[in-house]
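Asker: here are the coordinates; sequence isn't available:
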C-alpha cells in the first residue's frame, strides 16, 4: 500500500481548503440547530450567520488554489480535498438553507422544495465531479469555466439570504432613513417576504446552469487581475468597494446575480440575432472552452493574408 506524502508546498493550500470545509460544517451545524420558526428573530440571525460563513468559505476557496499554483504545490490530493470542501460549503449548505427557510405545515410544498433543492445539490455534485476530472494545475486552465462555478452558485443563494435577513431585521440606520422618507417598513418587508418561496425555483435554475456546457463563465479573479483595465474601471472598483463596505447586503446580490445573468443574456441575444457559430466565437471573450474542456483562443487571427483584400 502506497503512503501519501504531503509536500511542504501543498501544506498551506490544503489548510486553506480545510478552512473552507470548516466554514461549511459550522454553517450546516448552525442551520441544523434551528428550532424556532423560519421568521423568528433567532432563525433570521441563524440564516444570516450561515450565509456569511458561505462567503468566508469562498475567501478560503479563492486563495487555496492561487497559493497552490504560486507555490508550485498543486496535487491530486488538494484537488480532491477542494472538491469535497466545495460540495459541503457551496452545494449542501445552500440546499439546506433553502429547505430550512421553507419549513411549513403544507407537506406538498415541502416535498416540492425538497425535489428542487435536490436538483441544486445534484447539479453541484456533477459540476464538481466534472471539474475534478478535467482539472489541470496550469494557471491557464482556470481562466474560464464550463457551467456556473459552485462558489458562484452558492454565493447567489447566500447573497439573497443575507439581503432577506437584512430587510427582515430592519435594524440598520440606512433602513430607518428609507422607512422615514421613502417606503414604509411594512411595504418593504411584505415585498421581500416572497424570497423564501422563490429560492427553491431559483435553486433549480442554478443546478442546471452549473452543468451547462453552452455557458462559459469567466474566472472573476483572473478577469479583474489578469488583464489591463482603463482608469475609469479602476475608479468604478474603488467606489464599488466603498459601497460594498457600507451596504454589503445590497451590493452582494447585485454582483452575484449580475455575474449569473451576464452570460445567459449574452448567449440568448446571440441566438435571437441569428449569429453564426463563427461570428459568436469571434464576438466572445478571447478565452473560451472547447468541447473537450480545454481553453481555446477565440480571438480573430491577425496575419497578412487575412488583412489583405
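Answerer: Arrived safely, thanks for sending. The shown structure was predicted, so the numbers you read here are calculated from the model rather than taken from an experiment.
Asker: list the contacts of residue 192.
Answerer: The contact partners of residue 192, taken as CB atoms under 8 Å, 6 or more residues apart in numbering, are 163, 164, 167, 168. From N, CA and C alone the C-beta is placed, and that goes for glycine too.
Asker: state the distance from residue 152 to residue 55.
Answerer: Applying CB to CB, to the nearest Å, the value for residue 152 to residue 55 is 12 Å.
Asker: one more: residue 121?
Answerer: From residue 121 to residue 55 the distance is 19 Å (CB to CB).
Asker: next one: residue 102
Answerer: 22 Å.
Asker: again, but for residue 39
Answerer: 23 Å.
Asker: same question, residue 201
Answerer: 23 Å.
Asker: tell me which of these two has more neighbours.
Answerer: residue 55 (18 against 12; other CB atoms under 10 Å).
Asker: residues in contact with residue 28?
Answerer: Neighbours of residue 28 in contact, by CB under 8 Å, 6+ apart: 50, 88, 92, 93, 96.
Asker: at 7 Å what do you get?
Answerer: 92, 93, 96 (CB atoms under 7 Å, 6 or more residues apart in numbering).
Asker: same question for residue 114.
Answerer: Taking CB under 7 Å, 6+ apart, one finds residue 99 in contact with residue 114.
Asker: gap between the two ends of stretch 81-97?
Answerer: 23 Å (CA to CA, to the nearest Å).
Asker: actually stretch 91-111, sorry about that
Answerer: Stretch 91-111 has an end-to-end distance of 19 Å (criterion: CA to CA).
Asker: quick one: which helix or strand includes residue 61?
Answerer: According to DSSP states H and E, residue 61 maps onto helix 41-70.
Asker: give me the buried positions along the helix or strand just after that helix.
Answerer: Downstream of helix 41-70, the next assigned helix or strand under DSSP H and E is helix 76-86. For helix 76-86, burial by neighbour count (16 or more other CB atoms under 10 Å) applies to 78, 79, 81, 82, 83, 84, 85, 86.
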